[in-house]
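**Q** okay, structure incoming, though there's no sequence with it:
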């Protein structure tokens, strides 16, 4: 089901509707500052299980998640002074930062090394959702396993709508996926080059 939300000023009543669906275990497609993602409430086991099934993803390969801000991120990851300075400089933005997980992160969302991917997108709709929800949102690209990411909400609804509870229409998003950077052991290392530029790493 398509739900049109204003990308500059998300309507509060519609954000409430999205969050209500998430708390019931619903899956949503939503815009970020790069492209569209599929998400669920990180603490809803049914939602997380369903996303793994849709993506046909190895359970040993966890998803990243979206936080509202750096204060929120610090609840779910161990943010050192080194990491904080880098994240503060580049977030919100098109990056996923890999950090050691805190103990409250569900095991299904951590690697064997107990790390997590933290994302704070520069997108009004995505941030409005996690602020209203009160905790992070699972994030993975909006596409079927082995297929290219989908950028148009109309197409997402056509291809994946029957698997999702809501498809948020916040306009077409043509960006590449986020750049993934590990900050483990206070060292910045690019794991995947995406939308975010990385020339600054040599100076960090």
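**A** The structure has been received and is ready for your questions. Bear in mind the structure is a predicted one, so any value in this text is a computation, not a measurement.

**Q** any regions of the protein where pLDDT drops low?
**A** Filtered on pLDDT under 70, the chain yields the residue ranges 203-204.

**Q** so which residues of it form strands?
**A** 2-4, 28-31, 36-39, 64-66, 95-100, 115-119, 137-141, 166-169, 179-182, 189-192 (DSSP state E).

**Q** contact partners of the third one?
**A** The contact list for strand 36-39 (CB atoms under 8 Å, 6 or more residues apart in numbering) reads 22, 27-31, 51, 54-55, 65-66, 126, 137-142, 149-151, 153, 156, 160, 164, 173. Any C-beta I mention is one placed from the backbone N, CA and C, and that applies to glycine too.

**Q** next, count neighbours for residue 147.
**A** By other CB atoms under 10 Å, 11 other residues sit near residue 147.

**Q** still on that earlier bit, can I get the strands of the chain in JSON lines with distance to residue 45?
**A** Below are the strands of the chain laid out as JSON lines (distance: least, CB to CB, whole Å):
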{"stretch": "strand 2-4", "distance to residue 45": "24"}
{"stretch": "strand 28-31", "distance to residue 45": "17"}
{"stretch": "strand 36-39", "distance to residue 45": "15"}
{"stretch": "strand 64-66", "distance to residue 45": "15"}
{"stretch": "strand 95-100", "distance to residue 45": "23"}
{"stretch": "strand 115-119", "distance to residue 45": "17"}
{"stretch": "strand 137-141", "distance to residue 45": "12"}
{"stretch": "strand 166-169", "distance to residue 45": "19"}
{"stretch": "strand 179-182", "distance to residue 45": "25"}
{"stretch": "strand 189-192", "distance to residue 45": "27"}
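
**Q** so which of the ones you listed is nearest residue 83?
**A** Closest to residue 83 of these, according to CB to CB: strand 95-100, at 6.1 Å.

**Q** quick one: strands adjacent to the closest one?
**A** Looking at strand 95-100 with DSSP bridges, its partner strands are strand 115-119 (antiparallel), strand 179-182 (parallel).

**Q** all helices for this protein, in order.
**A** Along the chain, counting by DSSP state H, helices occupy 12-23, 45-55, 70-76, 81-90, 124-133, 153-160.

**Q** please identify the most buried of those.
**A** helix 124-133 (a mean of 21; mean count of other CB atoms under 10 Å).

**Q** what is the orientation angle of it with strand 115-119?
**A** For helix 124-133 against strand 115-119, the angle by axes from the mean of the first three to the mean of the last three CA atoms, to 10 degrees is 120 degrees.

**Q** so what angle separates the directions of helix 124-133 and strand 137-141?
**A** Using the same axes, to 10 degrees, helix 124-133 lies at 150 degrees relative to strand 137-141.

**Q** in this protein, which residue is closest to the centre?
**A** Centroid-nearest residue in the chain, with CA atoms, centre = their mean: residue 139, separated by 3.1 Å.

**Q** residues in a beta bridge with that residue, which ones?
**A** On the basis of DSSP bridges, residue 139 is bridged to residue 64.

**Q** can you tell me which residues contact it?
**A** Residue 139 touches 32, 37, 38, 39, 63, 64, 65, 66, 119, counting by CB under 8 Å, 6+ apart.

**Q** cool, thanks, signing off.
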